[in-house]
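Undergrad: Provided below are the primary sequence and the corresponding predicted coordinates.
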Amino acid sequence: MMESYITTAAVLSAALIFLLRVTDMTLDTLRVLFVMRGRKIIAWILGFFQATVFVLAISSVLRNLNNPLNILGYAAGFATGVVVGMTIEERLAIGHAHIRIISTSRGNAIAEKLRAAGYAVTEIPARGKDGTVSMLNCSVLRKNVDRVREMVNEVDGDAFITTEDIRPIRRGFWRA
Amino acid sequence: MIDLVASSLIIFGLRVLDISFYTLRIRMVMRGRKELAWIFGFSQAAVYVGAVSLVLSNLGNPFRILGYAAGFATGLVVGMGIEDRLAIGYTHLRVVSQHRGPETVEGLRQAGYGVTEVAARGMDGTVAILHCSVLRKDEKAVTDLIYQLDPHAFITAENVLQVQRGFWHI
């Protein structure tokens, strides 16, 4: 009987469970992503707060998971927290990325344009199916990836662009 | 006794299910796939609160604890296996070939893959570096083909996050 579940109190408790789980899983997802990037200090802080939220709030809620509405709130909050965490991490865009650009004829023009804007580019002559191409390697801060991509597109709309996560080892030229 | 075996097996099965979803979720988070991360996260949490948490209070027996831990570990492996089969996303292969660069390029292009060749120098002279971006589900087929063309090729693979244009073997 669905009606008996949907009272104001039941909806409120499900909503509370949802929100707590969103908070906790947002922190959890951020932590996992920072662990992947080797950021120990941020990972510690996030882990600490996630565990605190979990112990103080979620564990008491777990005992009340006896109706479908609460279970739905729990699972939806869990899943939504994951997506919220991913979105926040994308916005923060902490770290570095490596952009590889392959251009059949406008390699030099792309390199010039990127350099004029202050990005470091390494050009390599290479061969593709139909002859000589240029391969440009460009390591940038993650938050600049979209800007670099737009600049490349302005010069050569047919350039082939791939992006990878990297960990900087040392030196090199980074546009701050 | 039969009760004990049955309950241990149930705990094992439930844990395999929820940890498989867990592993799939983490992999999707790593690849930036939000929709799939939501779906796997929802499934994981639903299985957990709907089933796993109910049996957690009955763990007071070594046999059930074994089922729980074995289920957890098996779930990780099952999730990784499923994710490998799904093979969502792209891979960038970097191949270093000492003597058979041109033949390897030729073979890959004939098979329909896009390759960019770079001349480079190794310890014993000129080598070819081949860059080849492929769908992850083709990774195995491409590496097998490369090893056929050049048994001594050195191949590394990287996870590609974002892709624009280019030539993809479909």
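TA: Arrived safely.
Undergrad: Confidence-wise, which helix or strand of chain A is lowest on average?
TA: Sorted by mean pLDDT, DSSP states H and E, the helices and strands of chain A end with helix A:2-5, the least confident at a mean of 54.
Undergrad: burial measure for residue A:8, as a count.
TA: 7 (other C-beta atoms under 10 Å in any protein chain shown). (Glycine included, C-beta is placed from N, CA and C.)
Undergrad: ditto for the one 3 residues further on
TA: The burial count assigned to residue A:11 is 13, neighbours taken as other C-beta under 10 Å.
Undergrad: Tell me which helix or strand the nearest residue to it once chain neighbours are set aside sits in.
TA: Using C-beta to C-beta, 6 or more residues apart in numbering or on different chains and skipping the chain neighbours, the partner closest in space to residue A:11 is residue A:69 (7.1 Å). Per DSSP states H and E: residue A:69 is located in helix A:68-92.
Undergrad: Quick check: phi and psi at the residue nearest to the spatial centre of chain B.
TA: Nearest residue to the geometric centre of chain B (C-alpha atoms, centre = their mean): residue B:84, 3.5 Å. The phi and psi values for residue B:84, taken as degrees, to the nearest 10, are phi -60, psi -40.
Undergrad: Quick check: the gap between it and chain A.
TA: Look at residue B:84 and chain A: by C-beta to the nearest C-beta, to the nearest Å, they are 18 Å apart.
Undergrad: Now do residue B:91, the pLDDT please.
TA: Looking at residue B:91, its pLDDT is 88.
Undergrad: Repeat that for residue B:2.
TA: In this prediction, residue B:2 carries a pLDDT score of 79.
Undergrad: Only the buried residues of the helix or strand harbouring residue B:79, if you could.
TA: Per DSSP H and E, residue B:79 falls inside helix B:62-86. Residues of helix B:62-86 classed as buried by neighbour count (16 or more other C-beta atoms under 10 Å in any protein chain shown): B:64, B:67, B:68, B:71, B:72, B:74, B:75, B:76, B:78, B:79, B:83.
Undergrad: Equivalent analysis for stretch A:94-110, please.
TA: So stretch A:94-110, judged by 16+ other C-beta under 10 Å, has buried residues A:95-104, A:106-107, A:110.
Undergrad: Determine whether any part of it lies close to chain B.
TA: Yes - contact of stretch A:94-110 with chain B (C-beta under 8 Å from any C-beta of the partner chain) involves A:97, A:100, A:102.
Undergrad: who's in contact with the helix holding residue B:79?
TA: Here helix B:62-86 makes contact (C-beta atoms under 8 Å, 6 or more residues apart in numbering or on different chains) with B:4-5, B:7-24, B:27, B:55, B:58-59.
Undergrad: cool, stretch B:29-42 as well?
TA: A:25, A:29, A:32-33, A:36, A:75-76, A:78-83, A:85-87, A:90, B:21-22, B:24-25, B:28, B:88-89, B:159, B:161.
Undergrad: The same query, at a cut-off of 6 Å, please.
TA: Residues from elsewhere that reach stretch B:29-42 (C-beta atoms under 6 Å, 6 or more residues apart in numbering or on different chains): A:29, A:75, A:78, A:79, A:82, A:83, A:86, B:21, B:24, B:25, B:28, B:89.
Undergrad: Stretch A:147-159 now?
TA: Residues from elsewhere that reach stretch A:147-159 (C-beta under 6 Å, 6+ apart): A:99, A:101, A:103, A:106, A:109, A:110, A:113, A:140.
Undergrad: Of all pairs in the residues you listed, which one is the farthest apart?
TA: A:106 and A:140 (19.3 Å; C-beta to C-beta).
Undergrad: can you list the weak-confidence ranges in chain A?
TA: Along chain A, segments meeting pLDDT under 70 span A:1-5, A:168-176.
Undergrad: re earlier: could you check the distance from the residue nearest to the centre of chain B over to residue B:139?
TA: Using C-beta to C-beta, to the nearest Å, residue B:84 is found at 10 Å from residue B:139.
Undergrad: Kindly report the same for residue A:101.
TA: According to C-beta to C-beta, residue A:101 stands 22 Å off from residue B:139.
Undergrad: What segments of the chain are strands?
TA: Let's take chain A. Here chain A has its strands, by DSSP state E, at A:96-103, A:122-128, A:131-141, A:160-166.
Undergrad: That was the other one, I meant chain B.
TA: Taking DSSP E to define them, one finds strands in chain B at B:90-97, B:116-122, B:125-135, B:154-160, B:162-164.
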